[in-house]
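Engineer: structure of the sequence below:
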Amino acid sequence: MELYDAINNRRTIRDFEDEKISDEVLRRIISAAFKAPTNDHMRDWHFIIVTDKAQAAELLKPIPKSISDEDMDALIRDWDLSDALQQECYRNAVPKQYRMLFDASAIIVPLFGAKGVDILHPESISHLNCLASIWCSIENLFLAATAEGLGCDLRIPLGDEAEHARKVLGFPEGYEMPCFIGIGVPKKAAAVRQKEIDISSRIHYDRF
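Structural biologist: Residues are numbered from 1 along each chain as shown. Now for the predicted structure:
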């Protein structure tokens, strides 16, 4: 698949077929992640791949398996989601947060070295370079997965989910996880709607 085809075809997928992904394909996708730019030239990244369903269930234990209609309505109000398509996307995504990861062929947990950096209280924006770099690698991962005919979703950990993941997966202090990634073969009926943006209104030359 050509680069622009992969970019244009990439969508967040939350519904997967019950199919395995070969280690060879997973390694190719992770290899693409390591081609991303990095803040310190060292690419101090690791990727934990979880395919065992018992391990996945333990890893995802803190994530709610469902949400009531009332709570969903309250979330829409509290987050001031006024756009109709945005509301539709959230109503599709939020109830699937557990299942979209558990039903995936694999859960990938990216890690980045953050030694000596307080990510939540940085001294300056440049102290977040390690965080910025791992997200560049994650985008490479998404595009490589798309080129392989696969789909991905992600969840940024809430509450104590990251520390729970640290205990379950055994990754050391000094490394942080930015998200959970589910990867698999998309179901044919998987929702893939995305808001279209008129980029002519977002491009500015010389000044805003």
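Engineer: each with direction, which strands does the top strand by length along the chain pair with?
Structural biologist: Looking across the chain with DSSP state E, the single longest strand is strand 106-113. Strand partners for strand 106-113, identified by DSSP bridges, are recorded as strand 45-50 (antiparallel), strand 175-176 (antiparallel), strand 180-184 (antiparallel).
Engineer: deepest in the core, which of these is it.
Structural biologist: Sort the strands paired with strand 106-113 by mean neighbour count, taking mean count of other C-beta atoms under 10 Å, and strand 180-184 sits at the top with a mean of 25. In short, each C-beta sits where N, CA and C put it, glycine included.
Engineer: and the strands paired with strand 106-113 as TSV, adding mean pLDDT and distance to Asn129?
Structural biologist: Below are the strands paired with strand 106-113 laid out as TSV (pLDDT from 0 to 100; distance: least, C-beta to C-beta, whole Å):
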stretch	mean pLDDT	distance to Asn129
strand 45-50	98	13
strand 175-176	96	13
strand 180-184	98	21
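Engineer: roughly how far apart are Ala132 and Pro122?
Structural biologist: Going from Ala132 to Pro122 by C-beta to C-beta, to the nearest Å gives 11 Å.
Engineer: I meant Tyr90, not that one.
Structural biologist: Distance, Tyr90 to Pro122, by C-beta to C-beta: 29 Å.
Engineer: between the two, who's got more neighbours?
Structural biologist: Per other C-beta atoms under 10 Å, whichever of Tyr90 and Pro122 has more neighbours is Tyr90, with 16 against 13.
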